[in-house]
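S.K.: Got a predicted structure here, sequence first:
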Amino acid sequence: MTWLDLPADHPFGLHNLPYGVFSTGGPDGERRVGVRVGDHVLDLAACAERAGMESAVVWRGGSLDAFLAEGRPAWTAARAWLQDHLSDDAARDCVEPNLVPVGEVTMHLPFTVADYVDFYASEHHATNVGRIFRPDSEPLTPNWKHLPIGYHGRAGTVVVSGTDVVRPTGQRRPPTQEAPVFGPSVRLDIEAELGFVVGGPATGLGRRVDLDDADDHLFGVVLLNDWSARDLQAWEYVPLGPFLGKSFATTVGPWVVTTDALRAARVPLPGQDPEPLPYLRGRDGADGGPGTAYGLDVHVEVEWNGTAVSRPEYRDMYWSPVQMLTHLTVNGATIRPGDLFGSGTISGADPGTRGSFLELSWSGQEPLTLDDGSQRSFLEDGDTVTLRATAPGPDGSVVGFGECTGTVRPAV
Ligand SMILES: O=C(O)/C=C/C(=O)CC(=O)CC(=O)O
Ligand SMILES: [Ca+2]
Ligand SMILES: [Mg+2]
(Lines give C-alpha, C1' and ligand atoms only; values in the text may rest on other atoms or scores of the structure.)
(Ligands and ions follow the chains in the order given, each with its own letter.)
Protein backbone atom coordinates (compact mmCIF):
# COMPACT_ATOMS: atom_id res chain seq x y z
CA MET A 1 0.00 0.00 0.00
CA THR A 2 1.37 3.44 -0.89
CA TRP A 3 0.22 7.02 -0.51
CA LEU A 4 -1.40 6.52 -3.94
CA ASP A 5 -3.95 4.30 -2.17
CA LEU A 6 -5.00 2.33 -5.26
CA PRO A 7 -7.49 -0.47 -4.62
CA ALA A 8 -5.83 -3.88 -5.15
CA ASP A 9 -8.28 -4.74 -7.94
CA HIS A 10 -7.75 -1.50 -9.90
CA PRO A 11 -7.09 -2.42 -13.56
CA PHE A 12 -4.39 0.28 -13.67
CA GLY A 13 -2.52 -0.62 -10.48
CA LEU A 14 1.26 -0.82 -10.14
CA HIS A 15 1.29 -4.30 -11.71
CA ASN A 16 0.08 -2.81 -15.02
CA LEU A 17 1.58 0.63 -15.83
CA PRO A 18 0.74 0.87 -19.54
CA TYR A 19 2.34 3.61 -21.64
CA GLY A 20 0.61 6.19 -23.80
CA VAL A 21 0.94 9.71 -25.19
CA PHE A 22 -1.27 12.50 -23.92
CA SER A 23 -1.81 16.23 -24.05
CA THR A 24 -3.63 18.58 -21.76
CA GLY A 25 -5.56 21.63 -22.92
CA GLY A 26 -7.05 19.79 -25.91
CA PRO A 27 -5.67 17.87 -28.87
CA ASP A 28 -3.22 20.61 -29.88
CA GLY A 29 -1.47 20.69 -26.51
CA GLU A 30 2.12 19.52 -26.26
CA ARG A 31 2.34 15.73 -26.52
CA ARG A 32 3.91 13.97 -23.57
CA VAL A 33 4.66 10.36 -22.76
CA GLY A 34 2.55 9.13 -19.89
CA VAL A 35 2.01 6.07 -17.78
CA ARG A 36 -1.45 5.21 -16.58
CA VAL A 37 -1.55 4.96 -12.78
CA GLY A 38 -5.02 4.40 -11.38
CA ASP A 39 -7.26 7.19 -12.63
CA HIS A 40 -4.28 9.42 -13.42
CA VAL A 41 -1.67 9.76 -16.10
CA LEU A 42 1.89 10.29 -14.89
CA ASP A 43 3.94 12.72 -17.00
CA LEU A 44 6.92 10.44 -17.32
CA ALA A 45 9.63 12.80 -18.59
CA ALA A 46 8.72 15.45 -16.02
CA CYS A 47 8.72 12.93 -13.17
CA ALA A 48 11.97 11.27 -14.25
CA GLU A 49 13.72 14.62 -14.72
CA ARG A 50 12.62 15.77 -11.31
CA ALA A 51 14.00 12.54 -9.87
CA GLY A 52 17.31 13.23 -11.61
CA MET A 53 17.07 10.16 -13.81
CA GLU A 54 19.65 10.37 -16.57
CA SER A 55 17.65 8.38 -19.09
CA ALA A 56 14.61 10.68 -18.76
CA VAL A 57 15.45 12.01 -22.21
CA VAL A 58 13.95 8.94 -23.92
CA TRP A 59 10.53 10.05 -22.77
CA ARG A 60 10.80 13.55 -24.21
CA GLY A 61 9.73 14.11 -27.80
CA GLY A 62 6.08 13.28 -27.45
CA SER A 63 6.09 9.64 -28.55
CA LEU A 64 7.24 6.24 -27.36
CA ASP A 65 9.55 5.88 -30.38
CA ALA A 66 12.89 6.36 -28.58
CA PHE A 67 11.84 4.17 -25.66
CA LEU A 68 10.66 1.40 -28.01
CA ALA A 69 14.06 1.40 -29.72
CA GLU A 70 15.92 0.86 -26.44
CA GLY A 71 14.93 -2.76 -25.98
CA ARG A 72 14.09 -5.20 -23.24
CA PRO A 73 16.74 -4.28 -20.59
CA ALA A 74 15.63 -0.62 -20.63
CA TRP A 75 11.92 -1.56 -20.56
CA THR A 76 12.43 -3.83 -17.58
CA ALA A 77 14.55 -1.25 -15.74
CA ALA A 78 11.96 1.48 -16.36
CA ARG A 79 9.19 -0.73 -15.03
CA ALA A 80 11.16 -1.54 -11.89
CA TRP A 81 12.03 2.15 -11.39
CA LEU A 82 8.37 3.12 -11.75
CA GLN A 83 7.14 0.43 -9.38
CA ASP A 84 9.74 1.47 -6.77
CA HIS A 85 9.09 5.15 -7.19
CA LEU A 86 5.33 4.89 -7.07
CA SER A 87 5.42 2.86 -3.87
CA ASP A 88 8.04 4.97 -2.09
CA ASP A 89 6.70 7.73 0.14
CA ALA A 90 9.99 9.59 -0.25
CA ALA A 91 9.36 9.93 -4.01
CA ARG A 92 5.95 11.50 -3.54
CA ASP A 93 7.36 14.98 -4.31
CA CYS A 94 8.40 14.07 -7.83
CA VAL A 95 5.36 11.95 -8.62
CA GLU A 96 2.41 13.85 -7.23
CA PRO A 97 2.85 17.17 -9.10
CA ASN A 98 3.10 15.22 -12.37
CA LEU A 99 -0.11 13.23 -12.09
CA VAL A 100 -2.91 14.45 -14.36
CA PRO A 101 -6.49 13.17 -13.90
CA VAL A 102 -7.32 10.91 -16.84
CA GLY A 103 -10.48 12.95 -17.51
CA GLU A 104 -8.32 15.99 -18.36
CA VAL A 105 -6.16 14.46 -21.05
CA THR A 106 -6.48 13.87 -24.78
CA MET A 107 -4.79 10.65 -25.85
CA HIS A 108 -2.75 10.40 -29.07
CA LEU A 109 -1.25 7.65 -31.20
CA PRO A 110 1.44 6.40 -28.80
CA PHE A 111 4.19 5.67 -31.35
CA THR A 112 4.99 6.15 -35.02
CA VAL A 113 3.65 3.05 -36.71
CA ALA A 114 6.46 1.67 -38.88
CA ASP A 115 5.20 -1.37 -40.79
CA TYR A 116 1.75 -2.78 -40.11
CA VAL A 117 0.87 -6.43 -40.64
CA ASP A 118 -2.37 -8.21 -39.85
CA PHE A 119 -2.52 -11.95 -39.18
CA TYR A 120 -5.40 -14.42 -39.26
CA ALA A 121 -4.59 -16.48 -36.16
CA SER A 122 -8.05 -17.61 -35.02
CA GLU A 123 -9.07 -21.00 -36.36
CA HIS A 124 -12.71 -20.22 -35.55
CA HIS A 125 -12.66 -16.88 -37.37
CA ALA A 126 -10.86 -18.33 -40.38
CA THR A 127 -13.33 -21.21 -40.51
CA ASN A 128 -16.35 -18.92 -40.24
CA VAL A 129 -15.08 -16.50 -42.90
CA GLY A 130 -14.17 -19.42 -45.14
CA ARG A 131 -17.73 -20.78 -44.87
CA ILE A 132 -19.25 -17.36 -45.58
CA PHE A 133 -16.91 -16.18 -48.38
CA ARG A 134 -16.09 -19.54 -49.99
CA PRO A 135 -19.06 -21.84 -49.33
CA ASP A 136 -17.98 -24.28 -52.02
CA SER A 137 -14.45 -24.89 -50.69
CA GLU A 138 -12.88 -26.25 -47.53
CA PRO A 139 -13.15 -23.43 -44.99
CA LEU A 140 -9.46 -23.62 -43.99
CA THR A 141 -6.94 -23.46 -46.82
CA PRO A 142 -4.27 -26.27 -46.86
CA ASN A 143 -1.58 -23.87 -45.55
CA TRP A 144 -3.58 -22.55 -42.57
CA LYS A 145 -2.23 -24.91 -39.89
CA HIS A 146 1.34 -24.76 -41.23
CA LEU A 147 1.93 -21.02 -41.09
CA PRO A 148 0.32 -17.97 -39.53
CA ILE A 149 -1.31 -16.34 -42.57
CA GLY A 150 -1.08 -12.57 -42.78
CA TYR A 151 -1.00 -9.58 -45.11
CA HIS A 152 0.79 -6.26 -45.09
CA GLY A 153 -1.54 -3.42 -44.20
CA ARG A 154 -1.36 0.34 -44.22
CA ALA A 155 0.65 1.90 -41.37
CA GLY A 156 -0.40 5.46 -42.24
CA THR A 157 -4.08 4.87 -41.49
CA VAL A 158 -3.61 3.44 -38.00
CA VAL A 159 -5.43 5.90 -35.74
CA VAL A 160 -5.90 6.23 -32.01
CA SER A 161 -9.09 5.39 -30.17
CA GLY A 162 -11.67 8.16 -30.42
CA THR A 163 -10.88 9.03 -34.05
CA ASP A 164 -13.98 9.06 -36.27
CA VAL A 165 -14.04 6.55 -39.10
CA VAL A 166 -15.38 7.78 -42.44
CA ARG A 167 -17.39 5.15 -44.26
CA PRO A 168 -15.22 3.99 -47.17
CA THR A 169 -16.30 4.27 -50.79
CA GLY A 170 -15.29 1.90 -53.54
CA GLN A 171 -16.29 -0.92 -55.85
CA ARG A 172 -18.59 -3.70 -54.80
CA ARG A 173 -20.57 -6.26 -56.73
CA PRO A 174 -24.17 -6.64 -55.57
CA PRO A 175 -25.05 -10.36 -55.21
CA THR A 176 -27.45 -10.44 -58.17
CA GLN A 177 -25.22 -8.54 -60.61
CA GLU A 178 -22.35 -9.34 -62.93
CA ALA A 179 -20.85 -5.85 -62.97
CA PRO A 180 -19.57 -3.83 -60.01
CA VAL A 181 -21.10 -0.58 -58.77
CA PHE A 182 -19.34 2.36 -57.16
CA GLY A 183 -20.41 3.95 -53.89
CA PRO A 184 -20.22 3.86 -50.10
CA SER A 185 -19.77 0.46 -48.49
CA VAL A 186 -23.04 -1.07 -47.31
CA ARG A 187 -21.38 -3.84 -45.28
CA LEU A 188 -19.07 -1.98 -42.91
CA ASP A 189 -17.75 -4.23 -40.14
CA ILE A 190 -15.26 -4.42 -37.30
CA GLU A 191 -12.63 -6.94 -36.29
CA ALA A 192 -11.78 -7.25 -32.60
CA GLU A 193 -8.06 -7.95 -32.35
CA LEU A 194 -4.99 -7.42 -30.24
CA GLY A 195 -2.09 -5.51 -31.77
CA PHE A 196 1.52 -6.35 -30.86
CA VAL A 197 3.99 -3.46 -30.68
CA VAL A 198 7.53 -4.29 -31.79
CA GLY A 199 10.61 -2.70 -30.21
CA GLY A 200 14.27 -3.33 -29.61
CA PRO A 201 17.03 -2.98 -32.18
CA ALA A 202 16.05 -3.18 -35.83
CA THR A 203 17.12 -6.44 -37.47
CA GLY A 204 19.29 -6.53 -40.59
CA LEU A 205 18.11 -7.57 -44.04
CA GLY A 206 18.47 -11.30 -44.51
CA ARG A 207 18.46 -12.02 -40.76
CA ARG A 208 15.63 -13.76 -39.00
CA VAL A 209 14.36 -13.67 -35.44
CA ASP A 210 14.38 -17.08 -33.76
CA LEU A 211 11.31 -18.01 -31.80
CA ASP A 212 13.35 -17.99 -28.57
CA ASP A 213 14.39 -14.37 -29.21
CA ALA A 214 11.01 -13.10 -30.39
CA ASP A 215 9.93 -12.02 -26.92
CA ASP A 216 12.77 -9.51 -26.75
CA HIS A 217 11.16 -7.71 -29.70
CA LEU A 218 7.68 -7.59 -28.19
CA PHE A 219 7.29 -4.39 -26.20
CA GLY A 220 3.57 -4.50 -25.60
CA VAL A 221 0.00 -5.06 -26.64
CA VAL A 222 -2.83 -2.73 -27.67
CA LEU A 223 -6.48 -3.24 -28.44
CA LEU A 224 -7.01 -3.08 -32.20
CA ASN A 225 -10.09 -2.73 -34.39
CA ASP A 226 -9.44 -3.63 -38.03
CA TRP A 227 -12.46 -1.92 -39.61
CA SER A 228 -13.43 -3.91 -42.68
CA ALA A 229 -15.75 -3.14 -45.61
CA ARG A 230 -16.95 -6.65 -46.42
CA ASP A 231 -18.50 -5.75 -49.78
CA LEU A 232 -15.35 -4.01 -51.03
CA GLN A 233 -13.26 -6.87 -49.63
CA ALA A 234 -15.31 -9.67 -51.20
CA TRP A 235 -15.01 -8.14 -54.68
CA GLU A 236 -11.34 -7.13 -54.61
CA TYR A 237 -9.54 -9.79 -52.60
CA VAL A 238 -9.04 -12.52 -55.22
CA PRO A 239 -6.21 -13.29 -55.88
CA LEU A 240 -4.01 -10.94 -53.81
CA GLY A 241 -5.89 -10.59 -50.51
CA PRO A 242 -7.13 -7.63 -48.45
CA PHE A 243 -6.58 -4.16 -49.94
CA LEU A 244 -8.93 -1.13 -49.89
CA GLY A 245 -11.59 -2.98 -47.92
CA LYS A 246 -9.33 -2.70 -44.88
CA SER A 247 -6.78 0.06 -45.51
CA PHE A 248 -9.05 3.04 -44.78
CA ALA A 249 -8.67 2.91 -40.97
CA THR A 250 -7.38 0.70 -38.17
CA THR A 251 -8.02 1.91 -34.64
CA VAL A 252 -5.70 1.13 -31.74
CA GLY A 253 -6.27 1.67 -28.05
CA PRO A 254 -4.31 4.50 -26.40
CA TRP A 255 -2.56 2.29 -23.81
CA VAL A 256 0.29 -0.03 -24.66
CA VAL A 257 0.17 -2.77 -22.04
CA THR A 258 3.69 -4.13 -21.69
CA THR A 259 4.48 -7.78 -22.23
CA ASP A 260 6.07 -7.61 -18.75
CA ALA A 261 2.65 -6.74 -17.29
CA LEU A 262 1.15 -9.73 -19.11
CA ARG A 263 3.48 -12.41 -17.67
CA ALA A 264 0.73 -13.79 -15.42
CA ALA A 265 -1.69 -13.92 -18.37
CA ARG A 266 0.40 -16.41 -20.36
CA VAL A 267 -1.42 -19.67 -21.06
CA PRO A 268 -0.71 -22.73 -23.20
CA LEU A 269 -2.02 -22.55 -26.77
CA PRO A 270 -5.21 -24.57 -27.41
CA GLY A 271 -3.05 -27.12 -29.28
CA GLN A 272 -1.38 -27.30 -32.70
CA ASP A 273 -1.99 -30.31 -34.88
CA PRO A 274 -0.10 -30.99 -37.11
CA GLU A 275 3.02 -29.89 -35.31
CA PRO A 276 4.43 -26.84 -37.09
CA LEU A 277 7.82 -26.85 -38.83
CA PRO A 278 10.79 -26.60 -36.44
CA TYR A 279 11.30 -22.82 -36.79
CA LEU A 280 7.76 -22.25 -35.47
CA ARG A 281 7.96 -24.82 -32.71
CA GLY A 282 8.19 -23.66 -29.10
CA ARG A 283 9.34 -25.65 -26.08
CA ASP A 284 6.73 -27.05 -23.70
CA GLY A 285 6.21 -25.37 -20.35
CA ALA A 286 6.67 -27.09 -17.00
CA ASP A 287 3.65 -28.84 -15.43
CA GLY A 288 1.31 -28.06 -18.32
CA GLY A 289 2.05 -24.33 -18.01
CA PRO A 290 2.62 -22.02 -20.99
CA GLY A 291 5.55 -22.98 -23.21
CA THR A 292 7.78 -20.61 -25.13
CA ALA A 293 5.07 -20.36 -27.81
CA TYR A 294 2.44 -19.14 -25.37
CA GLY A 295 -1.10 -17.84 -25.65
CA LEU A 296 -2.59 -14.98 -23.66
CA ASP A 297 -5.60 -15.02 -21.39
CA VAL A 298 -7.11 -11.70 -22.44
CA HIS A 299 -10.86 -11.20 -22.15
CA VAL A 300 -12.24 -8.84 -24.78
CA GLU A 301 -15.64 -7.20 -24.93
CA VAL A 302 -17.27 -5.72 -28.02
CA GLU A 303 -19.87 -3.04 -27.44
CA TRP A 304 -22.12 -1.70 -30.22
CA ASN A 305 -23.93 1.56 -29.37
CA GLY A 306 -23.73 0.61 -25.70
CA THR A 307 -24.87 -3.01 -26.09
CA ALA A 308 -22.34 -5.74 -25.30
CA VAL A 309 -22.62 -7.99 -28.37
CA SER A 310 -19.63 -10.30 -27.96
CA ARG A 311 -16.97 -11.48 -25.50
CA PRO A 312 -14.02 -12.91 -27.46
CA GLU A 313 -11.36 -14.81 -25.51
CA TYR A 314 -7.80 -14.38 -26.75
CA ARG A 315 -6.77 -17.74 -25.27
CA ASP A 316 -8.73 -19.42 -28.11
CA MET A 317 -6.18 -18.19 -30.70
CA TYR A 318 -4.35 -20.94 -32.59
CA TRP A 319 -1.03 -19.17 -33.26
CA SER A 320 1.16 -17.53 -30.61
CA PRO A 321 2.34 -13.92 -30.99
CA VAL A 322 5.96 -15.15 -30.92
CA GLN A 323 5.19 -17.54 -33.80
CA MET A 324 3.68 -14.66 -35.78
CA LEU A 325 6.75 -12.47 -35.21
CA THR A 326 9.13 -15.32 -36.06
CA HIS A 327 7.23 -16.12 -39.23
CA LEU A 328 7.23 -12.45 -40.23
CA THR A 329 11.05 -12.48 -40.42
CA VAL A 330 11.74 -16.03 -41.62
CA ASN A 331 12.35 -14.81 -45.18
CA GLY A 332 14.89 -12.25 -43.99
CA ALA A 333 12.51 -9.28 -43.86
CA THR A 334 13.61 -6.70 -41.30
CA ILE A 335 11.63 -5.55 -38.32
CA ARG A 336 12.12 -2.21 -36.60
CA PRO A 337 10.79 -0.40 -33.55
CA GLY A 338 7.24 0.78 -34.12
CA ASP A 339 6.22 -2.19 -36.24
CA LEU A 340 2.72 -3.27 -35.37
CA PHE A 341 1.13 -6.61 -36.09
CA GLY A 342 -2.49 -7.50 -35.49
CA SER A 343 -3.45 -10.95 -34.26
CA GLY A 344 -6.38 -11.29 -36.59
CA THR A 345 -9.98 -11.34 -35.47
CA ILE A 346 -10.46 -13.03 -32.11
CA SER A 347 -13.29 -15.55 -32.42
CA GLY A 348 -14.04 -18.65 -30.38
CA ALA A 349 -16.25 -21.68 -30.92
CA ASP A 350 -19.14 -20.15 -28.99
CA PRO A 351 -21.19 -17.73 -31.16
CA GLY A 352 -21.11 -15.20 -28.29
CA THR A 353 -17.33 -14.95 -28.67
CA ARG A 354 -17.17 -13.99 -32.36
CA GLY A 355 -15.05 -10.92 -33.10
CA SER A 356 -16.73 -9.56 -36.25
CA PHE A 357 -20.29 -8.61 -37.19
CA LEU A 358 -19.90 -10.66 -40.38
CA GLU A 359 -19.78 -13.73 -38.15
CA LEU A 360 -22.15 -12.49 -35.41
CA SER A 361 -24.91 -11.79 -37.98
CA TRP A 362 -23.79 -14.69 -40.21
CA SER A 363 -23.39 -12.35 -43.18
CA GLY A 364 -26.66 -10.54 -42.48
CA GLN A 365 -28.83 -13.65 -42.14
CA GLU A 366 -29.16 -13.35 -38.34
CA PRO A 367 -29.28 -9.64 -37.39
CA LEU A 368 -28.47 -8.64 -33.82
CA THR A 369 -30.92 -6.73 -31.64
CA LEU A 370 -29.34 -3.89 -29.66
CA ASP A 371 -30.62 -2.69 -26.26
CA ASP A 372 -32.57 0.17 -27.90
CA GLY A 373 -34.54 -2.42 -29.90
CA SER A 374 -32.86 -1.57 -33.22
CA GLN A 375 -31.52 -4.34 -35.43
CA ARG A 376 -28.10 -4.48 -37.00
CA SER A 377 -26.01 -6.70 -39.21
CA PHE A 378 -23.45 -4.12 -40.34
CA LEU A 379 -22.60 -0.59 -39.20
CA GLU A 380 -24.82 2.42 -39.83
CA ASP A 381 -23.60 6.01 -39.89
CA GLY A 382 -23.40 7.35 -36.34
CA ASP A 383 -22.80 3.92 -34.80
CA THR A 384 -20.09 3.63 -32.16
CA VAL A 385 -18.10 0.49 -31.47
CA THR A 386 -15.97 0.14 -28.35
CA LEU A 387 -13.56 -2.67 -27.54
CA ARG A 388 -12.41 -3.24 -23.97
CA ALA A 389 -10.15 -5.86 -22.47
CA THR A 390 -8.72 -7.16 -19.23
CA ALA A 391 -6.23 -9.86 -18.36
CA PRO A 392 -5.24 -11.55 -15.11
CA GLY A 393 -2.29 -9.94 -13.35
CA PRO A 394 -0.21 -11.34 -10.50
CA ASP A 395 -1.87 -12.31 -7.19
CA GLY A 396 -5.44 -11.98 -8.37
CA SER A 397 -4.96 -8.48 -9.79
CA VAL A 398 -6.48 -7.28 -13.06
CA VAL A 399 -4.63 -5.74 -16.01
CA GLY A 400 -6.77 -3.23 -17.93
CA PHE A 401 -6.28 -2.23 -21.57
CA GLY A 402 -8.73 0.69 -21.52
CA GLU A 403 -10.96 1.33 -24.49
CA CYS A 404 -10.59 1.29 -28.25
CA THR A 405 -13.52 3.21 -29.68
CA GLY A 406 -14.64 4.76 -32.94
CA THR A 407 -17.78 6.28 -34.47
CA VAL A 408 -18.79 5.86 -38.10
CA ARG A 409 -19.24 9.08 -40.11
CA PRO A 410 -21.02 9.26 -43.49
CA ALA A 411 -19.07 8.66 -46.66
CA VAL A 412 -17.68 11.75 -48.33
O1 LIG B 1 -10.67 -15.20 -45.42
C2 LIG B 1 -10.64 -14.12 -46.01
O3 LIG B 1 -10.80 -14.03 -47.21
C4 LIG B 1 -10.35 -12.87 -45.28
C5 LIG B 1 -10.44 -12.74 -43.95
C6 LIG B 1 -10.16 -11.43 -43.35
O7 LIG B 1 -11.04 -10.60 -43.16
C8 LIG B 1 -8.72 -11.11 -43.18
C9 LIG B 1 -8.29 -10.48 -41.91
O10 LIG B 1 -8.29 -9.26 -41.72
C11 LIG B 1 -7.67 -11.39 -40.90
C12 LIG B 1 -8.30 -11.43 -39.55
O13 LIG B 1 -8.64 -10.37 -39.01
O14 LIG B 1 -8.37 -12.52 -38.95
CA1 LIG C 1 -8.11 -8.29 -39.47
MG1 LIG D 1 -7.64 -2.07 -41.20
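M.R.: Cool, the structure landed. Numbering: from 1, shown residues only. Ligands and ions are numbered 1, 2, ... in the order given.
S.K.: Tell me how many other residues crowd the closest residue to ligand 2 within the stretch 151-300 of the chain.
M.R.: Residue nearest to ligand 2 within the stretch 151-300 of the chain: residue 226 (3.5 Å; CB to the ion). Yep, even glycine has a C-beta here, placed from its N, CA and C like the rest. For residue 226, the neighbour count with other CB atoms under 10 Å is 26.
S.K.: mind checking how far the residue lying closest to residue 294 once chain neighbours are set aside is from ligand 1?
M.R.: Closest residue to residue 294 apart from its sequence neighbours, by CB to CB, 6 or more residues apart in numbering: residue 266 at 4.3 Å. For residue 266, the distance to ligand 1 (CB to the nearest ligand atom, to the nearest Å) stands at 22 Å.
S.K.: Indicate whether stretch 210-224 makes contact with ligand 3.
M.R.: No: using CB under 5 Å from the ion, stretch 210-224 never reaches ligand 3; the gap is at least 8.6 Å.
S.K.: now do the same end-to-end measure for that stretch.
M.R.: 26 Å (CA to CA, to the nearest Å).
S.K.: What's the mean pLDDT across it?
M.R.: Across stretch 210-224, the average pLDDT comes to 98.
S.K.: if I pick the residue nearest to residue 294, what's in contact with it?
M.R.: 289-290, 294-297 (CB atoms under 8 Å, 6 or more residues apart in numbering).
S.K.: next helix or strand past the helix or strand of the chain with the lowest mean pLDDT?
M.R.: Least confident element among the helices and strands of the chain, by mean pLDDT, DSSP states H and E: helix 92-95 (a mean of 92). Later in the chain than helix 92-95, the nearest helix or strand by DSSP states H and E is strand 99-101.
S.K.: What is the neighbour count of whichever residue of the stretch 51-200 of the chain sits closest to ligand 3?
M.R.: Distance from ligand 3 to each residue of the stretch 51-200 of the chain (CB to the ion) is smallest for residue 153, at 5.7 Å. Using other CB under 10 Å, residue 153 has 22 other residues around it.
S.K.: Mind giving me the packing neighbours of the helix or strand where residue 48 lies?
M.R.: According to DSSP H and E, residue 48 maps onto helix 44-50. Under the contact definition 3 or more CB pairs under 8 Å, 6 or more residues apart in numbering; DSSP states H and E, helix 44-50 sits against strand 32-37, helix 92-95.
S.K.: swap the cut-off to 10 Å and go again
M.R.: Judged by 3 or more CB pairs under 10 Å, 6 or more residues apart in numbering; DSSP states H and E, the packing partners of helix 44-50 are strand 19-24, strand 32-37, strand 40-43, helix 72-86, helix 92-95.
S.K.: Mind listing what's buried along the helix or strand just after that helix?
M.R.: Later in the chain than helix 44-50, the nearest helix or strand by DSSP H and E is helix 65-70. With burial defined by 16 or more other CB atoms under 10 Å, the residues of helix 65-70 counted as buried are 65-70.
S.K.: what does helix 65-70 rub up against?
M.R.: 19, 21, 33, 44, 55, 57-61, 74-75, 77-78, 110-112, 114, 197-202, 219-220, 256, 336-339 (CB atoms under 10 Å, 6 or more residues apart in numbering).
S.K.: near ligand 3, which residues of the stretch 151-300 of the chain show up?
M.R.: Checking the stretch 151-300 of the chain against ligand 3 by CB under 5 Å from the ion, the hits are 226, 246, 250.
S.K.: One more pass at 8 Å, please.
M.R.: Residues of the stretch 151-300 of the chain lying near ligand 3 by CB under 8 Å from the ion: 153-154, 157-158, 191, 226-228, 242, 246-250.
S.K.: and what of the stretch 301-412 of the chain?
M.R.: residue 342.
S.K.: And the residue of the stretch 301-412 of the chain closest to ligand 1?
M.R.: Going by CB to the nearest ligand atom, ligand 1 is nearest to residue 344 of the stretch 301-412 of the chain, at 2.9 Å.
S.K.: who touches that residue in this structure?
M.R.: Counting by CB under 10 Å, 6+ apart, residue 344 has contacts 118-122, 125-126, 148-150, 191, 193-194, 224, 226, 317-319, 324, 355.
S.K.: Look up how far residue 144 lies from it.
M.R.: 11 Å (CB to CB, to the nearest Å).
S.K.: where do the contact lists of these two overlap?
M.R.: 120-121, 126, 318-319.
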